[in-house]
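Participant: Predicted model and sequence below, questions to follow.
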Amino acid sequence: DAGVTQSPTHLIKTRGQQVTLRCSPKSGHDTVSWYQQALGQGPQFIFQYYEEEERQRGNFPDRFSGHQFPNYSSELNVNALLLGDSALYLCASSWIPPGQGAGGYGYTFGSGTRLTVV
Amino acid sequence: QQQVKQSPQSLIVQKGGIPIINCAYENTAFDYFPWYQQFPGKGPALLIAIRPDVSEKKEGRFTISFNKSAKQFSLHIMDSQPGDSATYFCAATRYQTAGSYQLTFGKGTKLSVIP
């Protein structure tokens, strides 16, 4: 059973460029969340997609955008890259049954994409 | 504003010791508190989690203690092994509309277990 897969694993970009990161959720999961993990820090929530719409968003600028496809896979796009965008970008997939309360129900992280901005 | 504060930043224990990692939260709306384990080059993996109506939860060698009035919770690792060497993150979340939720993480604790 494949878990969450992310691509690419590593990426080097130049300041000002744009980048697209990809995520395939775990089989059976329909919700995708993206997190940014700076070196030595805990992951920070960027946004979450469900039914191809952005459902929740953290405190990140509009340079960060995303998309979810009908097959539940997702992309994270970052425009006008800054040096401070260098981080590990994690994708997490989950499935929230209707009527369920909060929780990491099936919340599974991928191994991430290491983005370096030079 | 850091909503989940974690300490210590790093921890070194001998094999068989009991490392304890502490977290404190501010938002009383949080209603689910998971702990994650992360190895280098990997994403966080759920270790154990607790809800605020329970004061303690044990799974194998891992125990969460929860103090709702103090807004604190901690992770204890019994009989620690070198293979437990990893970074541990506490997190918190609250129910939001349509069943969505987002995790708020602490800054992490790097645990080293010496043979």
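Facilitator: Structure's in. What do you need?

Participant: So residue A:36 versus residue A:44, what's the distance?
Facilitator: For residue A:36, the distance to residue A:44 (C-beta to C-beta, to the nearest Å) stands at 5 Å. Bear in mind the C-beta positions are built from the backbone N, C-alpha and C, glycine included.

Participant: Looking at the two, which is more packed in?
Facilitator: Set residue A:36 next to residue A:44 and count neighbours by other C-beta atoms under 10 Å in any protein chain shown: residue A:36 wins out with 22 against 19.

Participant: can you tell me the helix or strand for that one?
Facilitator: strand A:31-37 (DSSP states H and E).

Participant: can you list residues touching both of residue A:36 and residue A:44?
Facilitator: Counting by C-beta atoms under 8 Å, 6 or more residues apart in numbering or on different chains, the residues touching both residue A:36 and residue A:44 are residue A:60.

Participant: So what's the model's average confidence on the next helix-or-strand element following the strand holding residue A:36?
Facilitator: Heading C-terminal from strand A:31-37, the first helix or strand you meet, by DSSP H and E, is strand A:44-50. On average, the pLDDT along strand A:44-50 is 94.

Participant: any idea how far strand A:44-50 is from the chain center?
Facilitator: Remark: strand A:44-50 is offset 7 Å from the chain centroid, using C-alpha atoms, centre = their mean, to the nearest Å.

Participant: next structured bit after that strand?
Facilitator: Of the helices and strands lying after strand A:44-50 in sequence (DSSP H and E), the nearest is strand A:53-57.

Participant: So is that following strand next to chain B?
Facilitator: Yes - looking at strand A:53-57 against chain B by C-beta under 8 Å from any C-beta of the partner chain, the contacts come from A:55-56.

Participant: Over to stretch A:23-36?
Facilitator: Yes - part of stretch A:23-36 sits near chain B under the criterion C-beta under 8 Å from any C-beta, namely A:31, A:33, A:35.

Participant: With neighbour count, distance to residue A:89 and pLDDT as added columns, please give the residues you listed in a markdown table.
Facilitator: A markdown table is the format used below for these (neighbours: other C-beta atoms under 10 Å in any protein chain shown; distance: C-beta to C-beta, whole Å; pLDDT from 0 to 100):
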| residue | neighbour count | distance to residue A:89 | pLDDT |
| --- | --- | --- | --- |
| A:31 | 25 | 17 | 89 |
| A:33 | 29 | 11 | 94 |
| A:35 | 26 | 7 | 97 |
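
Participant: what bridges to residue A:76?
Facilitator: Beta-bridge partners of residue A:76, counted by DSSP bridges, are residue A:21, residue A:66.

Participant: May I see the buried residues of the helix or strand of chain B with the lowest mean pLDDT?
Facilitator: The weakest-scoring helix or strand in chain B, judged by mean pLDDT, DSSP states H and E, is strand B:45-50 (a mean of 91). Counting neighbours by 16 or more other C-beta atoms under 10 Å in any protein chain shown, one finds that the buried residues in strand B:45-50 are B:47-50.

Participant: cool, and stretch A:80-99?
Facilitator: Buried residues in stretch A:80-99, counting neighbours by 16+ other C-beta under 10 Å, are found at A:81, A:85-96.

Participant: Closest one to chain B out of these, please.
Facilitator: Of all the buried residues of stretch A:80-99, residue A:96 has the smallest distance to chain B: 4.1 Å, by C-beta to the nearest C-beta.

Participant: per-residue confidence at the closest one?
Facilitator: According to the model's per-residue confidence, residue A:96 sits at a pLDDT of 65.
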